[in-house]
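S.K.: One predicted model, sequence on top.
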Amino acid sequence: MKIVVIGGTGLIGSKLVALLAADGHEAVAASPGTGVNTLTGDGLAEVLTGADVVVDVSNSPSFEAAAVLSFFETSTRNLLAAEAEAGVGHHVALSVVGTQRLPESGYFRAKIAQEQLIEGSAIPYSLVHATQFFEFVGGIVDSATDGSTVRLAHVLIQPMAADDVAAALRDVAVGASTTARVDIAGPERFRLDDLARRFLAARDDARQVVTDPAATYFGALLEEDTLVPLGEATLGTTTFEGWSAR
């Protein structure tokens with residue numbers, strides 16, 4: 001199959017392209033760096049010619065509320081229109097576990113808007129909701145840091161390795177569309193504040209984590225289970241200890 005990966009030169013996209021190519025598929029990495037711009041539409045018609053599947057793992061360069069909403073709405077509209085013209089049979093999009101439960105977040109509101117556009121199109125689709133990546137735990141810690149103190153809530157989180165995210169996306173992309181959401185997560189659950197302590201300890205980082213029920217997650221308050229799957233989920237195999245040891 002010809003499978004076009006939008007955002008195919010990024011963290012998840014590059015891993016996905018490699019997996020698909022190793023399986024014998026024609027995997028095409030599409031990004032502004034390869035001449036494909038979903039915001040302007042440049043290069044879309046050409047790259048989608050003959051494509052069977054499109055996997056969108058692109059992300060906004062800005063997380064400011066208005067900018068991220070504009071990115072996902074514009075990009076998704078352009079991409080779906082080009083897919084319809086090219087006769088693409090399966091649209092796969094990577095989203096985030098907890099999106100519908102955190103509308104206070106401008107980023108999650110933008111992801112909701114993206115999903116609504118996909119669900120309203122005539123193209124068969126699959127939505128893959130992933131928990132946070134191990135690779136982004138450092139960013140979570142940094143965002144919660146004030147001086148030498150890190151303030152985080154004692155809520156559940158079930159992060160996963162980027163390699164496992166790519167593997168799950170590979171399986172969805174080569175299968176039939178689900179016209180539904182598929183949740184994927186890591187094999188272990190942690191408390192967010194405890195995970196931050198383990199992350200910092202593994203790096204000999206002297207910052208101190210303070211458990212704060214009022215601490216926000218990128219500006220939004222969290223409930224106990226906001227960041228974890230509520231029902232069935234496909235679990236990765238990479239543990240935090242295994243990932244950290246790399």
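M.R.: Everything's here; your move. Numbering: from 1, shown residues only.

S.K.: now the strands for the protein?
M.R.: Applying DSSP state E to the chain gives strands spanning 2-6, 26-30, 53-56, 90-96, 125-130, 145-146, 149-152, 156-157, 181-185, 190-191, 208-211, 216-217, 220-221, 234-235.

S.K.: Can you tell me which of these is most buried?
M.R.: Each of those was assessed for mean neighbour count using mean count of other C-beta atoms under 10 Å. The highest is strand 53-56, with a mean of 28. Where you see a C-beta, it was placed from the backbone N, CA and C, and this is true even at glycine.

S.K.: How about the contacts made by Phe190?
M.R.: With contact set as C-beta atoms under 8 Å, 6 or more residues apart in numbering, Phe190 has these partners: 156-159, 198, 240.

S.K.: could the strands of the chain be laid out in TSV, adding distance to Phe71?
M.R.: Shown next, in TSV, are those (distance: least, C-beta to C-beta, whole Å):
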stretch	distance to Phe71
strand 2-6	12
strand 26-30	16
strand 53-56	12
strand 90-96	14
strand 125-130	18
strand 145-146	26
strand 149-152	27
strand 156-157	25
strand 181-185	21
strand 190-191	30
strand 208-211	32
strand 216-217	21
strand 220-221	19
strand 234-235	27
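
S.K.: and of the ones you listed, who's closest to Leu80?
M.R.: strand 90-96 (7.0 Å; C-beta to C-beta).

S.K.: name the helices or strands packed onto the longest helix seen in the chain?
M.R.: Ranked by residue count and defined by DSSP state H, the top helix of the chain is helix 65-86. For helix 65-86, the elements it packs on are helix 44-48, strand 53-56, strand 90-96, helix 106-119, judged by 3 or more C-beta pairs under 8 Å, 6 or more residues apart in numbering; DSSP states H and E.

S.K.: Reformat these into a markdown table and put mean pLDDT next to each item.
M.R.: A markdown table is the format used below for the helices and strands packed on helix 65-86 (pLDDT from 0 to 100):
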| stretch | mean pLDDT |
| --- | --- |
| helix 44-48 | 98 |
| strand 53-56 | 98 |
| strand 90-96 | 97 |
| helix 106-119 | 95 |
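
S.K.: Between the ones you listed, which one is closest to Ala233.
M.R.: Using C-beta to C-beta, the nearest of the helices and strands packed on helix 65-86 to Ala233 is strand 90-96, at 13.0 Å.

S.K.: can you list contacts of that closest one?
M.R.: Residues contacting strand 90-96 (C-beta under 8 Å, 6+ apart): 12, 52-57, 76, 79-80, 83, 108, 111, 114-115, 118, 121, 123-132, 165, 169, 172-173, 176-177, 181.

S.K.: and with 6 Å instead?
M.R.: 53-57, 111, 118, 123-129, 172-173, 177 (C-beta atoms under 6 Å, 6 or more residues apart in numbering).

S.K.: CSV for the helices and strands packed on helix 65-86, including distance to Ala27?
M.R.: Below are the helices and strands packed on helix 65-86 laid out as CSV (distance: least, C-beta to C-beta, whole Å):
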stretch, distance to Ala27
helix 44-48, 12
strand 53-56, 9
strand 90-96, 13
helix 106-119, 21
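
S.K.: Indicate which one of these is closest to Leu19.
M.R.: strand 53-56 (11.0 Å).
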